[in-house]
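**Q** This is the structure alone, sequence omitted:
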């Protein structure tokens, strides 16, 4: 049985589902860092951190360079922008719906206030 390749948006959201990976991305947003530097704040082994980094690499969220013995990791913004753009579509939809609901509730409140004032 073969599996279909995962689209990049699914890979991004899957990688972002884990709080450790989100914390790693937050660290890399401040600048590139080695695996050792990335692992310091976590209560886990280097191999465990490396597995998280591999997930982020497969999703295209980070890349790892090579400078002599140092292999710095750096964030790649394009997949995050694609995810943000996708979410933005739905944010606009929900804002529109909430605005309509707010208008309706204000209308209902006015009717209630007007009906109560005449009694």
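**A** Cool, the structure landed. From a predicted model like this one, the values you see are computed outputs, not experimental measurements. Numbering: from 1, shown residues only.
**Q** Going along the chain, name the strands of this protein.
**A** For the chain, the strands defined by DSSP state E occupy 62-64, 73-75.
**Q** Give me the helices and strands touching the first one, please.
**A** Think strand 62-64. Contacts defined by 3 or more C-beta pairs under 8 Å, 6 or more residues apart in numbering; DSSP states H and E place strand 62-64 against helix 19-29, helix 46-58, strand 73-75. Every C-beta, even on glycine, is put in place using the N, C-alpha and C of the backbone.
**Q** ok, now the last one?
**A** Secondary-structure packing of strand 73-75 (3+ C-beta pairs under 8 Å, 6+ apart): helix 19-29, strand 62-64.
**Q** Residues touching that strand, excluding its own?
**A** Contacting residues not belonging to strand 73-75 are listed as 25, 28-29, 31-35, 38, 53, 61-65 [C-beta atoms under 8 Å, 6 or more residues apart in numbering].
**Q** so which of the strands of the chain comes closest to residue 7?
**A** Closest of those to residue 7 is strand 62-64, at 18.6 Å (criterion: C-beta to C-beta).
**Q** Compile the helices and strands packed on strand 73-75 into a markdown table and extend it with columns for distance to residue 47, mean pLDDT and mean neighbour count.
**A** Output for these, formatted as a markdown table (distance: least, C-beta to C-beta, whole Å; pLDDT from 0 to 100; neighbours: other C-beta atoms under 10 Å):
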| stretch | distance to residue 47 | mean pLDDT | mean neighbour count |
| --- | --- | --- | --- |
| helix 19-29 | 13 | 96 | 16 |
| strand 62-64 | 15 | 92 | 17 |
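**Q** How about the contacts made by the residue nearest the centre of the chain?
**A** In the chain, the C-alpha nearest the mean C-alpha coordinate belongs to residue 16, at 5.2 Å (C-alpha atoms, centre = their mean). Applying C-beta under 8 Å, 6+ apart to residue 16 gives the contacts 22, 25, 61, 83.
**Q** Kindly reformat the residues you listed as CSV containing distance to residue 102.
**A** Formatted as CSV, those follow (distance: C-beta to C-beta, whole Å):
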residue, distance to residue 102
22, 32
25, 34
61, 36
83, 28
